[in-house]
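>>> Next comes the sequence, and after it the predicted model I'd like to discuss.
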Amino acid sequence: MAYKSKRYRADRDKAPATPLPLADAVNAVKHFSDGKFDQTVEICLHLGIDPKQADQMLRGAVSLPHGIGATKRVIAFCNVDKVQEAKDAGAIEAGGEELVQKISDGWFEFDVAIASPDMMRVVSKLGRTLGPKGLMPSPKSGTVTPKIGEAVKEYAAGKVEFRNDDGGNIHAIVGKKSFPAEMLAENAQAFINHIIKLKPAAAKGQYVKKVSIAATMTPGIQIVL
């Protein structure tokens, strides 16, 4: 059994035993112990999907109303005429063949890779390198797009990527514990709404089965559906 700190056990003992409306669940999380750092707040949705079926898998990205309190290091694979646009939008590196070579040589000091569609022929050389790290640009996640500057700006500001796991769960960051409760609740509701809109046509029965919210070092609070 994993060890739980005295602080966590104290929070768990005062956690509500029944699901709460979203606003109340957020307030409950914010009233748990703060710890020594600004904890990340994450939401988890358990969905009625079959992850083994390709037409029921969910993957994508969404910009939340109030951001998530974090920035990301973004690179952009693009033609020379888009390099300055990408850098002005916040990319730490931008380019084509030379950037592919830099990564092939072992450079991985970035969190997100954006690519224009016409560059995927070049970027495909990195499939075995970036794929296992979850860094390969993909149309489904919005990281392959002709709107390079717009995409770089959104991801640099903390655009949230998500994909379901093998258990049909989707986890996403919705902010920091220091955020006002209203901002956290609005971010969480925006994410829930986005996932609801993505319901696969092939999914049967209850789609959203359970939703909970928690900070890095706190117990989870179930939300009333």
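Alright, I've got the coordinates. Since this is a predicted model, take the numbers as computed values, not measurements. Numbering: from 1, shown residues only.
>>> how about low-confidence regions in this structure?
1-4 (pLDDT under 70).
>>> can you give me the strands in it?
Remark: strands assigned in the chain by DSSP state E are 40-47, 59-62, 74-77, 93-95, 112-115, 160-163, 169-176, 208-215, 221-223.
>>> Serialize those strands to a markdown table and add fields for distance to Pro146 and mean neighbour count.
Bear in mind the C-beta positions are built from the backbone N, C-alpha and C, glycine included. Shown next, in a markdown table, are the strands of the chain (distance: least, CB to CB, whole Å; neighbours: other CB atoms under 10 Å):
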| stretch | distance to Pro146 | mean neighbour count |
| --- | --- | --- |
| strand 40-47 | 31 | 21 |
| strand 59-62 | 16 | 17 |
| strand 74-77 | 12 | 28 |
| strand 93-95 | 15 | 22 |
| strand 112-115 | 10 | 25 |
| strand 160-163 | 19 | 19 |
| strand 169-176 | 26 | 21 |
| strand 208-215 | 33 | 19 |
| strand 221-223 | 37 | 21 |
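>>> Can you give me every residue that contacts Ile68?
Listed by CB atoms under 8 Å, 6 or more residues apart in numbering, the contact set of Ile68 reads Thr40, Gly158, Val160, Ile173, Val174, Gly175, Lys176, Asn187.
>>> Greatest separation within those residues: which pair is it?
Using CB to CB, those span at most 13.3 Å, a distance reached by Val160 and Lys176.
>>> Scan the chain for its longest helix.
When the chain is parsed with DSSP state H, its longest helix is helix 181-197.
>>> Show me the contact partners of that helix.
Under CB under 8 Å, 6+ apart, the answer for helix 181-197 is 22-23, 26-27, 29-30, 41, 43, 45, 47, 58, 62, 64-66, 68, 160, 162, 170, 172, 174-175, 179, 207-208, 211, 213.
>>> That one to strand 40-47, inter-axis angle?
Angle, helix 181-197 to strand 40-47, by axes from the mean of the first three to the mean of the last three CA atoms, to 10 degrees: 30 degrees.
>>> now helix 181-197, how far from the centre of its chain.
13 Å (CA atoms, centre = their mean, to the nearest Å).
>>> for stretch 136-150, same thing?
On CA atoms, centre = their mean, the centre of stretch 136-150 falls 15 Å from the chain's centre.
>>> Endpoints of that stretch, how far apart?
Separation of the first and last residues of stretch 136-150 by CA to CA, to the nearest Å is 18 Å.
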